[in-house]
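Peer 1: sequence first, then the predicted structure, then my questions.
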Amino acid sequence: MRRKLLLDVGCGEGKCCIDFAKKGYDVVGIEKDSATFKKAKLNVDKSGVKKFIKIYNKDIREVNLNKKFDGVLFNYILMFMSEKEAQDMIDEFYKKLKKRGEMLIRILMFDDPIAINVRQRKKFFYPSYDKMKKLKRKYKGELEFRLLRDKPHGKNKFSHIHSVGILKIVKNK
């Protein structure tokens, strides 16, 4: 049986790559940050599913992927781009989905505490609810908004809440 192919854009430390490989996917992970990529490589190497995962230490905008994917995951990565770059990225990878392929976008919303604290809003894409609804209509996707509790990390010394938009798109053509 053929394994489905998943692209994890901004794969972080590789946890989603490993989870999907264990569920039967071949996974391509892209991680720009070198320190995070090294952690991902270590995690993948000891995962037991290394043969199903290829990870690259590159910026997704610099990677030429001439493949069609069964799934594309943008897990909290589009907000590190301008709005135009994020929109272009969604359009580009929608075209790379196979028929019935799925794209999942998780993104912090404009009212998230992190977004509120960002001073250079033009550099980062923290969408409004209306912008997410527009994407939902454009791609005929399913959209939900959640408040999610997060563990302490980085400069955040305490548990905190994030405002998250989750858009699932299925390519029907």
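Peer 2: Sure thing, it's come through.

Peer 1: contacts and neighbour counts: CA atoms only from here.
Peer 2: Fine.

Peer 1: any idea what the residue most central in space within the chain is bridged to?
Peer 2: Centroid-nearest residue in the chain, with Cα atoms, centre = their mean: F74, separated by 1.6 Å. Taking DSSP bridges as the rule, F74 bridges to V9, I105.

Peer 1: from here on, call the first residue 6.
Peer 2: Right, with 6 as the first residue, what we last looked at is F79.

Peer 1: now for S39, how many residues are close by?
Peer 2: By other Cα atoms under 10 Å, the residues close to S39 number 12.

Peer 1: what comes into contact with the helix or strand of the chain with the lowest mean pLDDT?
Peer 2: Using mean pLDDT, DSSP states H and E, helix 118-122 stands out as the lowest-scoring helix or strand of the chain, at a mean of 74. The contact list for helix 118-122, computed with Cα atoms under 8 Å, 6 or more residues apart in numbering, reads L113, M114, F115, R126, Y131, H167.

Peer 1: now do the buried residues in it.
Peer 2: A120 (16 or more other Cα atoms under 10 Å).

Peer 1: equivalent analysis for stretch 70-88, please.
Peer 2: Result for stretch 70-88 [16+ other Cα under 10 Å]: buried residues 73-84, 86-88.

Peer 1: repeat that for stretch 15-34.
Peer 2: Buried residues in stretch 15-34 (16+ other Cα under 10 Å): 15-19, 21-23, 25-26, 30-34.

Peer 1: out of the contacts of helix 118-122, which are inside strands?
Peer 2: L113, H167 (DSSP state E).

Peer 1: much appreciated, bye for now.
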